[in-house]
Structure formats: structure tokens, C-alpha cells
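Asker: Sequence plus predicted model, see below.
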Amino acid sequence: MATYAQVIRPQETRVSGLRNPLPAVRRWSGRTQIAVVGVLVLMVGLVTWSVLAPSGRSGFRAEQLTVGSGSGADEVQLDTTVFIPDGVDESAPAAAVVLAHGFGGSQASMLEDARALAGQGYVVLTYSARGFGRSSGQIGLNSPDFEVADASVLLDLLAQRPEVIQDAAGDPRVGISGPSYGGALALLAAGYDDRVDAIVPQITWNSMVSAFFPNSVGSPVAATPAAGSPASDDGVFKQLWAGLFFSSGSALDPAAILAAQNGGGGLPDGVTNPVCGRFRPEVCAAYADAATTGRLSPETAAVLERSSPASVLDRITAPTLLIQGEADTLFTLSEADANARGIAASGTPVKVVWYTGGHDSSGSETDSERLLELTTEWFDFHLRGDGVDPGTGFEYAQVTGLSTNNGRPTSQTTLTERYPGLTDGATARVELALAGPTQQAVAPPGANPAAISSLPGLTQITGLVGGVVLDLPGQSAAFQSAVFDEPVQVVGTPTVSVRIAAPAGEAVLFAKLYDVDPDGQASLPQGLVAPVRLSGLPSTVDGAPPVEITLPAIAYRFEVGHAMRLVLATTDQAYLTPVQPAVYEVALNGTLSVPTVDGEPLDGASTPWIPFLLAVLGLAALSGAVGWLVMRRRRGSEVSDVDSDLLGVPLVTARLTKAYGDGFVAVQDLSFRVEPGQVVGLLGPNGAGKTTTLRMLMGLISPTAGELRVFGHRVHAGAPVLSRLGAFVEGTGFLPHLSGADNLSLYWRATGRPAADAHLAEALEISGLGAAMSKKVRTYSQGMRQRLAIAQSMLGLPDLLVLDEPTNGLDPPQIREMRQVLRRYADGTGRTVLVSSHLLAEVEQTCTHVVVMHKGRLVAQGTVGEVVGESSSVLIGVDDRLAAVRVLSGLSGVHSVQSTPDGVVVEINGTERSSLVRELVGAGVGVERFTPRRRLEDVFIALVGEGRHDVD
Amino acid sequence: MTSTDLTGAAAGYRPGATLGIWVELIRQLKRRRTKATFVFLAVLPLILILAFSVGSEEFEEGDGRINLVDVATAGSLNFVLFVLFATTGFFLVVVYALFFGDTIASEASWGSLRYLLASPVPRGRLLRQKFLVALILSLAALVTLTVVSLVAGAIVYGWDPVRTPVGITLGQGEAVVRLLAIVGYLAFTLLTVGSLAFMLSVITDAPLAAVGGAVFAMIIAAILDAIEALGEIRNYLPTENQFAWVGTLSEPMQTDEMLTGAIQTLAYSAVFLAVAFWHFGHKDIVS
């Protein structure tokens, strides 16, 4: 702080910085203040820490391993890392968690989760699946023969680690978790290897067939919220997602392919066919077939079903936490629903969690934390027996707002104790009426241009308002609900019944449920679409059989003033649709059935505002109490610090000293006294310490030692006795934007004293500013400001008036006037005036008494006569100094005569000055000059050795 | 003039009556910069309305961040929210810094501070009154901005329910309650910059250094806040939770970050104000 002040105000370097120790009384109050500040800071710090402090995280070490798995041509080397938390060893083994990465990733993708779990004390194993990262081999799409077998090899590895708890020989205590590809692996491994003790599969599939060849025809197969339509072997190919999937596993460096074709080198390890990349041939063939025909062949179905957990769910005994994304057009909520039903059917505990992310979005910030918490909680209980039972409930999150610092959405989670319909009960449904005539929808030749519902894998946050949804005119039929007068909460798969006619008997349509806002703008929740493939349709809609459609599962709130719109479109660019042109007729057949799940909000009103407010009140009360105590003590010290002998004495200073931190002593041992009725001049050259003394008198700076008393009361900052003092020190101090009159009246109002006590009129008269009083002070000249400042100091007719160089800047008539004003002010009123000046003449003409200072010390004090006048000496310029000395020495009443180069200096003692001249002239000595010489000058010259420019 | 008081004070002098709130308020309100600030606060919403009316309605690709611009013109309440959103980061910071940072330092630079202190206004009381008046002016500024936006918005865009960028609708009554919570939160948490400016105002004699220093500090904090590599350190930056009031636009309201922000403000303000009061109580007034 001092440095800063020095930089901006270099002229003040001497006064910034530390002071010497204060007198005892003030030191005590300073300590009190430090204590108060300390307590406040401490309390605030504790409150802050308790709220903001992150939980402690312990360390771990990581071991890089290469693990061989498989045999013969299918033998691979898996790039693996084992994280061992600090403090875990054979004497204190821990449970293990295997983290499997998503498609296109590698073990590096799981690093953050691995750190978090290792921090919680788990031995964590991450690895790159075969065909990914630095692991060798080909992608078998979670084939039981390859990837699932690899997982068992990794469990064997954990079975040999002394740091891992073993349930039996060769059976480590282990959980598996992972997203998407890794999640399916967790399910499949738990199905094939009964050593797995708990799993947390995330955003993964139940059946590759229903994920990539969905067909939403038919009512939901179960009473669970997100139950999908019955399995179909003739769905619509989800081409964009499938293509993305395939390319991430097959993409190769073009240069490598070229080199291989030219015989200039082999393809990369694990690649035999550039088209298939690192995929195994049977997987590659299945994709090629699907992508070219758009239909599901039995061979493709066989490959996909082998890779689907659906086939092994009844074998899973490991408690399963299923986490599925709401923003997921790849693996929908219905996939998790099917997994939950399959696993729970054999009595295995299952908990279902829907969060706001998925393959299309990273989800809310709140969710990211929540998922880690849920995963840890699940493993804690099911692997370690720690913590509370996470149960077999259900929770879903909904975007409710915006994150404050990075624009990610925030969400609110709703909890229920059961996943409805899983073991008992059923999902509640509400029937809503839709309206709309029978409509025609055209399927364009080539299925182009196509409607856009979603862009796979792209973050859909922007899609929340407006977004990329695009329906093409003429290509769809739409039916709309009434405007809602209360919000409609949808949790699960809505269903609707329609009738469809197609001349060719076959149709592919895409059913979507839009949210239409009051402005008529439609948005498609999460970009989700229900494709339907129908055959055997009549050519007219009259008499066509009803078709039940299971719409995509959502967790979404339709607001008041909004409406639902069911759209059946003929194209969607995310799917492979028939290229034959067609015209369909679509009619409504009944109501829209909407599922909902009531639950309790998580952390509904848990923000601890009450403790916060209590803490604030407590702090306020504490600081108030301490402040009151300090004030009381202060007030006590003021009352007691009175010298009753000095009550009538306007000013006494006793050994007053002010030393600054840099060692500069501005005032030293200054003791003087000012009696009532006196006009005292404080005289000294510039830098004598006059202003410092006056600052101390005003309580602006505190003395280093000694004291000042005004009417017997010790002066300190804000001492009430200062109210009897009027001051003009070190220049004017006005608010430049106010008029002179406003300045004076506001100044007086700021003192809080009665307006009648101000004697404003007298002060104004003294200022002599007249009409200028109503002008803004910033327009004033220096002299006008000075006069206004002196008037301000006289407001309330203070008992002690202190003026610092009051005549600076005034012109000679004003100076003369000012002198009269000051004399009048004190004369006969008992009031006292203290004037500082470096001008001897001024003091002589204005003051009755004088205090002379030099270099911070007192030089002389007394009446002006005592100090200046009576025993004065005279300098006489003569043409003959020797003669003059001779003449003058002989005179009576002459004390001494001295010859100097300027003339003779005569000390006279009672003799008339005129007689000196007479005697000299009479003796024939020529008198050139006759100058009274004063004691003061002599004193100064003697003490200071400075020229007359200081004192004249 | 004589004294009968034990403290030796002049008749009619009471320390508790010095520098009344109203007196200080008049002293500040007559300043050109105070008037200019309020005029600008009242004009700003009108400028924004004008800007929206000349802007094109064309579809614009979002930058991936949700913000309140998208729904700014959905109604009066939406417009207020947008105005607050647009001013939270900088403009309101400057207003608070101005009212709190200018108050002592400008008196010191005019020289009037020493006359107030010698009159005498006890130092602690002078700071307290100055702080309260700065607070009143800052609150008035916030209320002015809100009310002008609300009224102008109601005339231009109508009195409609709030639509949040994620598609949630809040009825007018509910929205007004939440708006009050938002204004309250802003009023309180901006005290972080206010008390920082106030502390600087006590330490320096240059009003510009106090106001600019506080604004500068907040800008630095905001820049650091944008550096994700700083990790948890960012949680302690004073700007971390300045937009936490957006949580009131969730259904139900999410107030955790607001609480953190409020506690942070409490901590920062307590420290800054303690330093201000301690320093001013001991300082040699030499300006």
C-alpha cells in the first residue's frame, strides 16, 4: 500500500509508512481492532472453507502392462494399465474395477474415471480393447470369443494381484464399468464370467438389431416406462450412426493402403482388407450388407445378436447399475429398459438412471458429478459393503436451466424407489387428444431431400431452442394437441395409434413428437425419431387396420402454452429409406398415450440458505458487539482523559513529537501554550513543522510522542472537543461541483449541529464573496476559495480558530482586511486564534503572541513585544564607522555597539532612536540608512544561518 | 460558545449526528458523474431495444452456448433478464466500483476529507456513512436499470411469461419473485467489487486508482476464470459465481451456486471492509 501511494504521490513519501509505537492507550485499541478483524476473517474463512473445500484425494501409482490374450491367429497383446492406490498392498488389498472404453477410444479415454476411482481406494484396470489404441488384433464387436474372452483374461490377471481382494482362489473382487462399447462389454462379461461382482454399464445397447434396425410398430412390450415395441427383424437401417461407427473402426491412413496396393509394404498390423480396416471379416461383411441393402439379412442378424447383451441377461448375477442417456439417438432409453427387464427377471438387483447426456450430448454439469457419485456409491456398496444400499430405484434428470459459467445446461434429478413395471406395478399413462384430418405424405424419388431430425454425435445443446430440425413440405402428416394449460411431464415412450394407406402396400415412415411453443415454433425433444416399416397396407385409409406406434422414450416437460404435434414424415436423412416414390395417406386413430413417473426431486431445497443466513446474522451480531465494546472503551477513555486544570486553556502541547517511518522528525519536543483571547502566530520558515503541528491539532495525524490538549481534552482522531475548533489548514477543501453557499451549508449540516449555531451570515460577510456564493466552486479563483475556506472555518464561531497561512493568495487590501477580521474575532470575545505564517511582518501586525519554530523545535515564545519589539537593535549605515562607534558608545542608554561591514549595530536600552541620529549627525557622521533590527531576525540568523528571504 | 459536555464538545455536537445519510446523499447526488450514471442506466435498456429492433431476424448459428439473447425479446421479463445478463459481467461492476471507489478518494483529492474529519466526523462513522450512501446509490442504480427495462420492455414486447433458453416457461407472478431474488443476489454479490473499491478508496487519494483498480481486479479475475487449467483455484475467484443468479431460471430454482457466491462475497467483503476500516482508523490523513 505504501509503495502504491508513493508511486502516485511521490511528494508524500515521507509520510507514508509505519509509525513508531503508539502510546499505551491507543495501542490497546489498535490490538482490539486487529483482534476483531482476525476473528471476522477466521469465521468467514471457516464458513467459506466448509462450503467450498474439495474432498481430499489420495495418490496412487500406475503400472503399464501388456497382456496377451487368445491363441493362434487371434492372439492379441492388450495395452493395459493397473492403478494401485497408495496404502493398498497385500496386507490391505482392495476391490478392483475394470474400466472398458467406448468405441473408437482407448484406455486413455478412461484416465479421468480411473483417477477418480483410484482416489476412492479401488485398484483400477484400464485397457485398450483389441483393435483399439495400442492393443493389437481385430475388432470383433464385443464377440464372446474375443473381446469377452479378453475380459476374462484380465480378471485372471487381477486374480494374481496381491493388492486385490480375492473372493476365492482365482476369483478377484471386481466390478466392470464403461460407456457404450465398454458398457456392452460389462454386460456381456458379467453374463459369461460369473466372477464379476458388480457392473455399471453406461449408454449401451441391449440388442444391436433394435439399435441399428429399429422398427417402432406395435405397443410397448412391457409396463416399464421406456419399454419399446416388439422385436422386429425388418427395421429401418440407422445409416448415419452405423456409418460413423464403421468408419471409426476402419479408417486407415490412405498412404498405407496405397503402399500395400503397390506392393511397397504391408498393411498396418491387424489389417488384411483396406475396406474393413481393423474389423474382423464377418463384422465387415455384415456392415457392408446392411449399408448396401438397408435390410437385415439373417447373417447380419446373427453377427449382431452375438454381440448383444440381450442373449445373456438371464445369466447376469452381478448387481447392475444401468446408466442411459436421454440425448441419445444411437442407443435409446428403450435399450436400457430392455436390459433392466432382462436382468431383473432373474432376481438380480438393477437400478436405472437416465441422465441428460448420451451419444448426442455431454449432458449437464450436475449430471457429470452425479454419475461419478452414483458409480462410486454402487461399487462401494456392492464390492466393499460400504455405505448405504443404493437400492433398485429409478432416477431421471431433466435440463432445467443454464450453467452459469460455461453455458452447459444444468439439470434436476427426480427419484423414485422403483423402476415402474420392473418387478411390480406399471407406468402411469395419460391420454391426450390429437386432432388433424387425414393427410397425404409424399415419399420423394430417391428419398431426397430428406428431413433432418438429428446430426449423430453432435452436441445438441443448440437444438434446445430452434435447432437443426427440418421437415420438408408435403413429406409429412401432422396432428396437433390442444394448447396445454398445465405442464405435461413425459417420462418414457408415448404411444399413438394411426391408420396408414399405401398404394404399394408397404411404407416406411418416421414418427416424431414435437413440442410447439406459443409462437408456433416446433422443437423435437432430443432429435428422437421412431422409424416404422409396414407391409400389407391397404390402398385407402378407410378401413385400414390401426397401427400402434411406440414413440421414442423421452424425459421431457411440455410447458404451459405449448402443444404436442405428432408428425409422420416419409424421409429422414439419419436412416436408409426406400428410393421408390410413394404417396401415403395417414389418419389418426385415437389418442396419444403419454407415460409419466412421479418422484421426489433430488436435493430439492437442500441449498443451506438457513445456516448461511444464521452465519451472517451471527457475524453481524458479533461484530456489532465487539464494535460496541470498542466504542464504549473509547468513549470511556475520552471522558477520563481530561486535565481539569486546563479546561479553560484553548491549546497546550506537551513534548509533542512527530516522527515518520523513514526517520524524518517533523516536530520534536514541542511544548507551548495558548491562552484565551490571544491571537497567536505560529512562525517559522517553510519546513519548520508548523503544518504538521496543525494537522496533529486537527486529529488528522497522531503524534509519535507527547500530546495536545484543547480545552483540557486530549486530542485524537475525531475527538469531540474538535467541534470547538475551526480550521483552515493546508489549502481549501471544497466540493467543486457545488456552489460556495451549498458547500458551507452542507459542511455545517455534516457537523450535525443546529443550523442556528452556524452564524452563516457572519461567515458570509467575512468571505466577501457576495453574488459569487451561488456559483460553483470550480469556477472560483484561488483567492475566492481561500476566503470561502476561512469563512467555513469560522462557521459556528469556534472557540479556537486555526488558520494556516491565511493570507497566501490574497491581494494587499484583502490581507489588511483579513488582519482586522482576525483581531476582531478574538478581541474581547474570549475566542482564540492561532495563525501560522512564515511572514514575520504578518505575525507582527496581526498577532498578540508568537510561537517561533525551526526544524520542528520551539525557538521562542511570548508576546510579540517580548519576542520582537522591546529590546530591539538598530542597524545604522554610516560613512565613517569608527567615528560612529566612538560617538554612540558614549551615549547613555546604549547597551552595545558593534561594527559590521553593513554598518554599526546598536543595542539600545531605553534611548530614543531619534536621539541616535541626532547625535551622529551632530558629530559629523553621515547617516545613510537607519534600519530597526529585530531580535527575531537575529535569532533566526543565529540559529539557521539562512538568508533574510526566510524571515523579513 | 461554551461546552458543558464531558467530552468537551461544542453545544449541539453529537458524534452520532455527524454526516447524516441524507447530507451525504445530497453531496453525492449533486455530482455530475452520479447524475450521468443514472441517466445512462435509464437509457441503456432503450438502446438495447433499439438494437433489437434494427437487428435482422435471420437464423443465426449459435455458438454452442445457451444464453439469454436468444429469448431476449420474448417479453418484458425476458428482456429484463437479458439486460441483467448483459450488464452483470462489466457494466454493473463499473457502477459499483464507481460509487464505492470514488467516495473517499475524491474527498481526499478535493481536500474536503480533512475538514470533515476535523469537524469532527469520527473516522469509523465517516466510513460507515460513506459506505451506506454508496450502497444506496448502487442499489438505486440496479433498481433503475431493472425498472426501466421492465417498463420499456412491457411497452415494446408485452407483459408475457418468461421463457428460458431451455424452453421452460415461468408465469409472470413466479417470474417477478425470481427477478427480485436475482436483483437481491446481484445487489449483494456485487459488494465484492464494491468493498474492494471502497478499500482502495481508503488506501489511495486518487479516485481513478480506486475505481480503476477494482474494475481491473475483476477483469483479471474474469480472465483467470476462463483458464480451465487453473482447476479448483478458480472456485475462489470473485467472478466465479457472478452469473450464478441464472440458476433461478431453472425449474425448480438451483441456488447452490448462488449460496456459494453469497458466502464468497461475505468473505471477500469482510476482509476488504475490515482492512478499509482498520487502515482508515489508523491512517495519517495528509491529503
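Answerer: The structure has been received and is ready for your questions. Quick caveat: nothing in here was measured; it's all calculated off a predicted structure. Numbering: from 1, shown residues only, chains lettered A, B, ... in the order given.
Asker: Low-confidence regions, the chain specifically.
Answerer: I'll assume chain A. For chain A, applying pLDDT under 70 flags the ranges A:1-58, A:251-271, A:402-407, A:457-469, A:603-607, A:633-640, A:868-872, A:909-911, A:933-952.
Asker: Chain B, not that one
Answerer: For chain B, the ranges with pLDDT under 70 are B:1-5, B:55-67.
Asker: repeat that with 80
Answerer: B:1-7, B:55-70, B:165-168, B:228-232, B:250-254, B:287 (pLDDT under 80).
Asker: Tally up the residues packed near the closest residue to chain B within the stretch 851-952 of chain A, please.
Answerer: Nearest to chain B, among the residues of the stretch 851-952 of chain A, is residue A:856, at 16.0 Å (Cβ to the nearest Cβ). Backbone N, C-alpha and C define where each C-beta goes, glycine included. Residues near residue A:856, counting by other Cβ atoms under 10 Å in any protein chain shown, number 23.
Asker: what do you get for residue A:152?
Answerer: Neighbours of residue A:152 (other Cβ under 10 Å): 15.
Asker: which one is it nearest to, not counting chain neighbours?
Answerer: Closest residue to residue A:152 apart from its sequence neighbours, by Cβ to Cβ, 6 or more residues apart in numbering or on different chains: residue A:193 at 4.9 Å.
Asker: And that neighbour, how close does it get to residue A:454?
Answerer: Noted for residue A:193: a distance of 36 Å to residue A:454, by Cβ to Cβ, to the nearest Å.
Asker: do residue A:358 as well
Answerer: Residue A:358 is 11 Å from residue A:454, by Cβ to Cβ.
Asker: same check, this time on residue B:154
Answerer: Counting by Cβ to Cβ, the gap from residue B:154 to residue A:454 is 38 Å.
Asker: Please identify which of the two sits among more neighbours.
Answerer: Set residue B:154 next to residue A:454 and count neighbours by other Cβ under 10 Å: residue A:454 wins out with 26 against 16.
Asker: pretty sure the more buried one contacts residue A:574?
Answerer: Yes - with contacts counted by Cβ atoms under 8 Å, residue A:454 reaches residue A:574, the gap being 5.8 Å.
Asker: where exactly do the helices run in the stretch 551-700 of chain A?
Answerer: Here the stretch 551-700 of chain A has its helices, by DSSP state H, counting those that start in this stretch, at A:609-640, A:690-697.
Asker: who wins for proximity to chain B among the ones you listed?
Answerer: Among those, the nearest to chain B by Cβ to the nearest Cβ is helix A:609-640 (4.8 Å).
Asker: Tell me the buried residues in that closest one?
Answerer: A:612, A:615-616, A:619, A:623, A:626-627, A:630, A:634, A:638 (16 or more other Cβ atoms under 10 Å in any protein chain shown).
Asker: Among the residues you listed, name the ones that also lie close to chain B.
Answerer: Contacts with chain B within the buried residues of helix A:609-640, as defined by Cβ under 8 Å from any Cβ of the partner chain: A:612, A:615-616, A:619, A:627, A:638.
Asker: what's the most distant pair in these?
Answerer: Spatial extent of these (Cβ to Cβ) is set by the pair A:612 and A:638 at 38.3 Å.
Asker: Name the nearest residue to the closest residue to chain B within the stretch 501-650 of chain A, sequence neighbours excluded.
Answerer: In the stretch 501-650 of chain A, no residue comes nearer to chain B than residue A:559, which is 3.9 Å away by Cβ to the nearest Cβ. Nearest non-adjacent residue to residue A:559, counting by Cβ to Cβ, 6+ apart: residue B:169, 3.9 Å away.
Asker: That neighbour and residue A:558 touch, don't they?
Answerer: No - the pair residue B:169 / residue A:558 is not scored as a contact, 9.8 Å apart, by Cβ under 8 Å.
Asker: Could you look up the SS state of residue A:78?
Answerer: strand (DSSP: H, G, I helix; E, B strand; the rest coil).
Asker: no, scratch that, I was asking about residue A:189
Answerer: helix.
Asker: check contacts around it.
Answerer: By Cβ atoms under 8 Å, 6 or more residues apart in numbering or on different chains, the residues touching residue A:189 are A:148, A:151-152, A:155, A:176, A:196, A:199.
Asker: Give me the nearest residue to it, chain neighbours excluded.
Answerer: Counting by Cβ to Cβ, 6+ apart, the residue nearest residue A:189 is residue A:151, at 4.1 Å.
Asker: Over to residue A:211?
Answerer: Nearest to residue A:211 is residue A:205, by Cβ to Cβ, 6+ apart, at 4.6 Å.
Asker: what's the distance between the one you found and chain B?
Answerer: 28 Å (Cβ to the nearest Cβ, to the nearest Å).
Asker: quick one: what helix or strand has the spatially most central residue of chain B in it?
Answerer: Nearest to the mean C-alpha position of chain B, counting by Cα atoms, centre = their mean, stands residue B:96 at 3.7 Å. Assigned by DSSP states H and E, residue B:96 falls within helix B:91-110.
Asker: which secondary structure elements does that helix contact?
Answerer: Using 3 or more Cβ pairs under 8 Å, 6 or more residues apart in numbering or on different chains; DSSP states H and E, the elements in contact with helix B:91-110 are helix B:32-54, helix B:112-118, helix B:123-157, helix B:191-203, helix B:207-225.
Asker: Run the angle between that helix and helix B:32-54 for me.
Answerer: Orientation of helix B:91-110 against helix B:32-54 (axes from the mean of the first three to the mean of the last three Cα atoms, to 10 degrees) gives an angle of 160 degrees.
Asker: Next, the angle helix B:207-225 makes with helix B:91-110.
Answerer: Using the same axes, to 10 degrees: helix B:91-110 against helix B:207-225 is 150 degrees.
Asker: re the thing from before, CSV for the ones next to chain B among the buried residues of helix A:609-640, including distance to residue A:830?
Answerer: What follows is those, written out as CSV (distance: Cβ to Cβ, whole Å):
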residue, distance to residue A:830
A:612, 59
A:615, 56
A:616, 53
A:619, 50
A:627, 38
A:638, 24
